[in-house]
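Asker: turn this into a structure:
(3 chains)
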Amino acid sequence: MSVVERQEWDVVVVGAGGAGLRAAIEARERGARTAVICKSLFGKAHTVMAEGGIAAAMANVNSGDNWQVHFRDTMRGGKFLNQWRMAELHAREAPDRVWELETWGALFDRTKDGRISQRNFGGHEYPRLAHVGDRTGLELIRTLQQKIVALQQEDHKETGEYESRLKVFQECTVTRVLKDGGRVSGVFAYERESGRFFVLEAPAVVIATGGIGKSFKVTSNSWEYTGDGHALALLAGAPLLNMEFVQFHPTGMVWPPSVKGILVTESVRGDGGVLRNSEGKRFMFDYIPDVFKEKYAQSEEEGDRWYEDPDHNRRPPELLPRDEVARAINAEVKAGRGSPHGGVFLDVSTRMPAEVIRRRLPSMYHQFKELADVDITAEAMEVGPTCHYVMGGIAVESDTAAARGVPGLFAAGEVAGGMHGSNRLGGNSLSDLLVFGRRAGLHAAEYATGLTGARPPVDDEQVDAAAAEALRPFSAEGEVRPEGQPPENPYTLHQELQQAMNDLVGIIRREGEMEQALEKLADLRVRARRAGVEGHRQFNPGWHLSLDLRNMLLVSECVARAALERTESRGGHTREDHPAMDRDWRRLNLLCRLTDPTGGLAATDPVAGQISLTRETTDPIRPDLLALFDKEELVKYLAEEELYE
Amino acid sequence: MHSGTRAAITAPHLRTDRWWLAPAGTAAGLLAFIVYSTWRAFSDAHYYAAPYVSPFYSPCLAERCEPMHAGPNWEIFGSWWGVSPAIIILIFPLGFRLTCYYYRKAYYRGFWASPPACAVAEPHKKYTGETRFPLILQNIHRYFFYAAIVVAGILTYDTVLAFRDENYEWGHMGLGTLVFLINIVLIWAYTISCHSCRHIVGGKLKHFSKHPVRYRMWQWVGRLNARHMQLAWASLVSVALADFYVYLLASGAFDDPTLF
Amino acid sequence: MSGYTAHFRVWRGDVGGGGLEDFKVEVNDGEVVLDIIHRLQATQAPDLAVRWNCKAGKCGSCSAEINGRPRLMCMTRMSVFERDETITVTPLRAFPVVRDLVTDVGFNYQKAREVPAFVPPEGLGPGEYRMMQEDVDRPQEFRKCIECFLCQDTCHVVRDHEENKPAFAGPRFLMRVAELDMHPLDAAEDTGLDRKRTAQDEHGLGYCNITKCCTEVCPEGIRITDNALIPLKERAVDRKYDPLVWLGSKIRRRSSAD
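Answerer: Purely as a prediction, here's the structure:
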């Protein structure tokens, strides 16, 4: 095998979104030499897409807010499945993380008295989201990026070298976490630009790669979201937690094809937008579940009055929780009453004067104008559910963000599981990135610098195996293929995977369909081994996709298997055959592990597959945190024995 | 045009639209004005028809100036000044416009082809921009702005004087008064909308919140500034028209219609 | 409207050379140029290199030149072209090419490092910052920048003159200097760093001849020239060329000497 370049670092951070950059900053400030590896250019991570804001109980707008209220909102949003300790840390530390951004140059929108302004958002009791117009994610990523540059400038002053203590390897992909026995010893990666392999030796690796949305056909996620970090952790022997919980946002654009899945913000409905089917009917009135009958308007007239007079009227059913609306839209489309491009109509044009629309929804006006050539002041938008966020992820220790079972491996951000339970509140993702990004960086640095004795060595055999695995797609054609089948086109495989996940493990899940999905995944796994690419290693997108397919297949199987196992409906997991939430399931977490940790990727049996599931009972919620809720509320979520322990 | 490591594309540009239209139009417009104003500035004649004085000749500062009753002529320059008195004063508006951030763009693109249009290669081998003499002098735009304020003030005075009739009786108005009014409004709008002005009234501040009045002025100038290009052209045309109107009257080709 | 076949010319090659390659490719209703490039990848040229990410005009990755104009491929709708028009797509021409439509934009990251970072004010802890909206409005406009580097690409100072690259930061990073200079709490001056002066002395502000191409190509509609570069030039003038300021400082110095 050819010699692969090696470098030594203390901490390697995989991913340069909010969590990764925050982790890197912390690790470097704690004295660890830190490398960041990201698939895109530095500063382009998917975090830039976040619009709403960063949830933090700073109480700038409403002085009644505090971390306890934020904690309560988060637990309710997650239907009490959250790792309560994470939710607690998150609520306590979020304000400090936001304020700290200001000292690095961030410019949030201001209140009249010059503090950070905070806005209302679904599920948050008080105005809580620090924001910059509708580009909060961009501000976050840019601030962190510039902080990293600032640290590099310091290092340059001291050492004459910008990258002596903190370096960003941009447009590089990590394909394997390397291990020395049980603990982490480094990562194997390749440069996308040149295709050159390299190894970063490091005792601590922080995974911050974001989500898995690219396994679904309709998604608001970018191409990077192929579940790399989830797969890296699995392959390194760490378990994934509650992967069945995937959030579908009810209103994504469905047309034109180029932007299918891009979000249409919730405030369109909050400001008076209504949903109609192809018959022109406001169908949401037919989808008010019994438990909500009391709280929602029963007629269009009453719903319309609510906008003006919310005290004496009930709110229109367009404002039901996200999962309800997503399910309703799904049902209308399935019943053949959808819009021409397979969504439903979201209309503000007949509800508000044009100039009011342009003033209240400027970004939506421009989004539709520029991307769809649709003037939302004159015609209806077409919308449909879109895969948005995965609540499940790498199982971590709440305080340290350390991945369970693999010393030296840490995870933060969307790739880590537990914080959001079964459903994430808007605004909690950006604060999650900051709080746990910092914690992961801190503990990774402590772990790395605190190691006594020799650093874990990188095993040559693992490096060779990783290199061989990465080169497979080029030799696919030369291999002896059963029945002389031609190599598979990775783009086709990817499309089939997305279609299968969308159709069979989507918003509404049924036992039979998920079993079908597992069979399809098994079939795709076999074919993915034959995925072949042309050309050379220099910036070859077909090759990159072939390598990402491994990750998407692993993660998709986790989602499908966990979704099949959890026989209840809760938050981002809806079972048609088990439509109710089951209190006994609250304490149960589902852990996915690799069936064959030796790396036998040939496992193709649809029943056994690559993933094995275990159930685990969580720790009881600390009494002082439970005491923040009313008994009547807890009864809805907690099993009898939990209540009286 | 491209170094060894750039994509090997030899075409100086690949634009398919009519990118040359804008610089060509700009060059033509500016050239027309230059020809006209040069002729008028050096002609040394037909610049006063009571009560109107051509803006090219105001203030008139040489002994050889035509007498203007209470007009803006002060004989600062004696009989030794042998050429057109317009030359003395035109330096200032000329300098103001020459160093104006909009005109700079216009003539760099239109005359210098630096660049001719966006993403169209410029023909020059070397480029140092405004880093050295003489173009570093563009930085003195602000001196000319101060001077332009004075000139605009004098032209305002001329416009006030235009509310007289040809016998210097107050309270009258002719078509020329209207022409002068339009011109002076455009001159002021152009002068005030200048980027230097925007900077001086408030742009230089770090904290608007501590200077509410200047902040409001800055916003107001900013709104005008967004139209600086349009105002530059409008005032260029109006000043030429005002001069041409005076020329028509002074040469007897036209009689000023009296409104009241 | 239904699909049609469009004629594309895409630059393919690397640092060793290359040229425009012709493709006939299907176009469907509502698509953007990036969709067509992706279709080429999926059907005709699987190794066609292109950089992209969010596909919604928010990350600034898919910068290229379409019919000679620097643009984001994800924000260029096919409907702006005639059906029989040949659409030429090339990499950014101001930067070294890596392969096909991908260029090495390292120049920009290098320039980013040369702008001294925000200097936090002494004596103000986290949570104690107070800034008024009217004071943050200006720098906030510049922070809308998605770093697509189209302005850096189109600016003739470096596009047509490679030799100017060491001396010139480019519109994006001069705008960054302006942003920091207008930040209500930036304390650079207290540390002896004069951003106005360094804009001209170290970042090459004088090279800018305000021909506004940066503003023209900005997909975020930031008025780079009017709101960042010219104000920065004026601030440099304050330091170096303004007669009244000069006079004022003379008098002040004299009176304080008295």
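Asker: mind listing what residue 16 touches?
Answerer: Assuming you mean chain A. A:24, A:36-38, A:40, A:42-43, A:45, A:168, A:170, A:208 (Cβ atoms under 8 Å, 6 or more residues apart in numbering or on different chains). Backbone N, C-alpha and C define where each C-beta goes, glycine included.
Asker: let me rephrase: I mean chain B.
Answerer: Residues near B:T16 by Cβ under 8 Å, 6+ apart: C:67-68, C:85, C:88.
Asker: where does it fall, secondary structure wise?
Answerer: Under the criterion DSSP states H and E, no helix or strand holds B:T16.
Asker: just the buried members of the contacts of A:A16?
Answerer: A:24, A:36-38, A:40, A:42-43, A:45, A:168, A:170, A:208 (16 or more other Cβ atoms under 10 Å in any protein chain shown).
Asker: strands - which of the contacts of A:A16 land there?
Answerer: Among these, DSSP state E puts A:36-38, A:168, A:170 in strands.
Asker: of those, closest to A:D10?
Answerer: The closest of the ones in strands among the contacts of A:A16 to A:D10 turns out to be A:V36 (Cβ to Cβ; 12.6 Å).
Asker: what bridges to that closest one?
Answerer: Counting by DSSP bridges, A:V36 forms beta bridges with A:V13, A:V168.
Asker: out of the contacts of B:T16, which end up buried?
Answerer: Those of the contacts of B:T16 that meet the buried threshold are C:67-68, C:88, by 16+ other Cβ under 10 Å.
Asker: quick one: which of those is nearest chain B?
Answerer: Among the buried ones among the contacts of B:T16, C:G68 lies closest to chain B (Cβ to the nearest Cβ), at 3.4 Å.
Asker: where's that closest one relative to C:T211, distance?
Answerer: 17 Å (Cβ to Cβ, to the nearest Å).
Asker: got it, and A:P321?
Answerer: Distance of A:P321 to C:T211, given as Cβ to Cβ: 53 Å.
Asker: which one of these two has more residues nearby?
Answerer: Set A:P321 next to C:T211 and count neighbours by other Cβ atoms under 10 Å in any protein chain shown: C:T211 wins out with 26 against 16.
Asker: that one contacts B:Y103, doesn't it?
Answerer: No - using Cβ atoms under 8 Å, C:T211 makes no contact with B:Y103, being 11.7 Å away.
Asker: which SS state does the residue nearest to C:V32 when sequence neighbours are not counted fall under?
Answerer: Nearest non-adjacent residue to C:V32, counting by Cβ to Cβ, 6 or more residues apart in numbering or on different chains: A:S258, 4.7 Å away. Under DSSP: H, G, I helix; E, B strand; the rest coil, A:S258 falls in the helix class.
Asker: so where's the chain uncertain?
Answerer: As the question left the chain open, I've gone with chain A. A:1-2, A:291, A:476-485, A:597-608, A:645 (pLDDT under 70).
Asker: wait, chain C
Answerer: Using pLDDT under 70, the flagged stretches of chain C are C:1, C:243-246, C:249-250, C:252-258.
Asker: for chain A, what's its nearest residue on it.
Answerer: C:G30 (2.3 Å).
Asker: next, that residue: phi, psi?
Answerer: Main-chain dihedrals, C:G30, degrees, to the nearest 10: phi 80, psi 10.
Asker: next: the one 5 residues further on.
Answerer: According to degrees, to the nearest 10, the main-chain angles of C:D35 amount to phi -60, psi -40.
Asker: wait, is B:L186 part of a strand?
Answerer: No - judged by three-state DSSP, B:L186 forms no part of a strand; its state is helix.
Asker: in terms of helices and strands, where is the residue in the stretch 351-500 of chain A positioned nearest to chain C?
Answerer: Nearest to chain C in the stretch 351-500 of chain A, going by Cβ to the nearest Cβ, is A:Y491, at a distance of 4.2 Å. Under the criterion of DSSP H and E, A:Y491 resides in helix A:490-504.
Asker: list the pairing partners of the helix or strand following that helix within its sheet, with orientation.
Answerer: As assigned by DSSP H and E, the chain's next helix or strand after helix A:490-504 is strand A:508-509. In its sheet, strand A:508-509 lies beside strand A:574-575 (parallel), with partners assigned from DSSP bridges.
Asker: I'd like the next helix or strand past the partner strand.
Answerer: Following strand A:574-575 toward the C-terminus (DSSP H and E): strand A:588-594.
Asker: how far is that following strand from where the chain is centred?
Answerer: 18 Å (Cα atoms, centre = their mean, to the nearest Å).
Asker: then stretch A:495-510?
Answerer: Relative to its chain's centre, stretch A:495-510 lies at 17 Å (Cα atoms, centre = their mean).
Asker: got it, and stretch A:341-353?
Answerer: With Cα atoms, centre = their mean, you get 28 Å for stretch A:341-353.
Asker: which residues does that stretch contact?
Answerer: A:251, A:254-255, A:264, A:268-269, A:271-278, A:283, A:329, A:332-333, A:337-339, A:357, A:360-361, A:375-384.
Asker: if we look at the helix holding A:Y491, which residues are touching it?
Answerer: Applying Cβ under 8 Å, 6+ apart, the contact partners of helix A:490-504 are A:214-218, A:387, A:473, A:513-514, A:516-517, A:520-521, A:524, A:527-528, A:531, A:533, A:542, A:545-546, A:549, A:552-553, A:556, A:559-560, C:41-42, C:46.
Asker: how about a cut-off of 6 Å?
Answerer: Residues outside helix A:490-504 that contact it (Cβ atoms under 6 Å, 6 or more residues apart in numbering or on different chains) are A:215-217, A:513, A:516-517, A:520, A:524, A:528, A:531, A:542, A:545-546, A:549, A:556, C:42.
Asker: residues of that helix that come out buried?
Answerer: Applying 16+ other Cβ under 10 Å to helix A:490-504 flags A:490-491, A:493-494, A:496-498, A:500-502, A:504 as buried.
Asker: how about stretch A:285-303?
Answerer: Those would be A:285, A:287-288, A:296-297, A:303, for stretch A:285-303 by 16+ other Cβ under 10 Å.
Asker: CSV for these, including distance to chain C and secondary structure?
Answerer: CSV is the format used below for the buried residues of stretch A:285-303 (distance: Cβ to the nearest Cβ, whole Å; DSSP: H, G, I helix; E, B strand; the rest coil):
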residue, distance to chain C, secondary structure
A:F285, 31, helix
A:Y287, 29, helix
A:I288, 33, coil
A:Y296, 32, strand
A:A297, 34, coil
A:G303, 31, helix
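Asker: nearest to chain B among those residues?
Answerer: A:G303 (41.1 Å).
Asker: tell me which parts of the stretch 101-250 of chain C are close to chain A?
Answerer: C:102, C:112-113, C:117-118, C:120, C:126-127, C:129-133, C:136, C:139-140, C:147 (Cβ under 6 Å from any Cβ of the partner chain).
Asker: show me how to select, in PyMOL, the buried members of these.
Answerer: Listed next is the PyMOL selection for buried residues among these, using 16+ other Cβ under 10 Å:
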select buried, chain C and resi 102+112+113+117+118+120+126+127+129+131+132+136+139+140+147
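Asker: what about chain B: which of the residues of the stretch 101-250 of chain C next to chain A touch it?
Answerer: Applying Cβ under 6 Å from any Cβ to those, those adjacent to chain B are C:M132.
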